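K.L.:
Okay, structure incoming, though there's no sequence with it:
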């Protein structure tokens, strides 16, 4: 009987000391990234939006909403989340680069080549070996390919080649010929498949 009383006393004291845990904006954002990782972008977006409603100053919620919407082909809508994420109070250097990278891809998808180039060129000086923290396959190499594609689409073949040479320094097509320009287009396409 004495053991029983001691057991109940210990059990009561352990449960009485337990604090209630409140889910934070950061927690909601992490739930979003969990869904993002398994490819459930709609559910990820829902958690990211809850995250920014809970804590509007948390940049990762805005970042995650942008990336999720991009995956859902809602590129225009993703831009509003990225833009807000750039200017919230706690944007860390890493998060800032991820938001800029997301904007780079979004502008490219929208065919806004100048904006794509501006944002992409902001990512690389911040971190020349940048890697997306939520998908290790998206890297600075992917950014270079996107920049090369944007410059190519503007008809700036020399500039496009400069971006490609960051990845393949010996690649040197003759851009004064149609064959050389075609070779550059083929290289962009090949690298796009490799670094996506």
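P.N.:
Arrived safely, thanks for sending. Just so you know, these numbers come straight off a predicted model, no measurement behind them.

K.L.:
Find the residue closest to residue 183 in space, skipping its chain neighbours.
P.N.:
Spatial nearest neighbour of residue 183, chain neighbours left out: residue 173 (4.0 Å); criterion: C-beta to C-beta, 6 or more residues apart in numbering. Quick note: C-beta positions are derived from backbone N, CA and C, even for glycine.

K.L.:
residue contacts, the one you found?
P.N.:
Each residue near residue 173 by C-beta atoms under 8 Å, 6 or more residues apart in numbering is listed here: 161, 179, 180, 181, 183, 184, 187.

K.L.:
closest to residue 133 among the residues you listed?
P.N.:
residue 187 (28.3 Å; C-beta to C-beta).

K.L.:
just checking, the closest one touches residue 168?
P.N.:
Yes - in this structure, residue 187 is within contact of residue 168 by C-beta atoms under 8 Å, at 7.2 Å.

K.L.:
More neighbours: those two, which one.
P.N.:
Between residue 187 and residue 168, residue 187 has the larger neighbour count (other C-beta atoms under 10 Å), namely 20 against 13.

K.L.:
And that one, which helix or strand is it part of?
P.N.:
Using DSSP states H and E, residue 187 sits within helix 178-194.

K.L.:
any idea of the mean pLDDT for that helix?
P.N.:
When pLDDT is averaged along helix 178-194, the result is 97.

K.L.:
do stretch 35-49 as well
P.N.:
On average, the pLDDT along stretch 35-49 is 97.

K.L.:
What segments of the protein are helices?
P.N.:
2-16, 25-37, 41-54, 59-71, 75-87, 93-109, 113-126, 140-153, 157-165, 178-194 (DSSP state H).

K.L.:
low-scoring stretches of this protein, by residue?
P.N.:
Within the chain, the stretches with pLDDT under 70 are 1-20, 89-94.

K.L.:
Show me it divided up by domain.
P.N.:
Following automatic domain parsing, the chain resolves into domains at 24-91, 112-196.

K.L.:
could you dump the ones you listed to a markdown table with distance to residue 102?
P.N.:
Output for those, formatted as a markdown table (distance: least, C-beta to C-beta, whole Å):
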| stretch | distance to residue 102 |
| --- | --- |
| domain 24-91 | 5 |
| domain 112-196 | 9 |
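
K.L.:
which one of those is the most hemmed in?
P.N.:
Ranked by mean neighbour count, those are led by domain 24-91 with a mean of 20 (mean count of other C-beta atoms under 10 Å).
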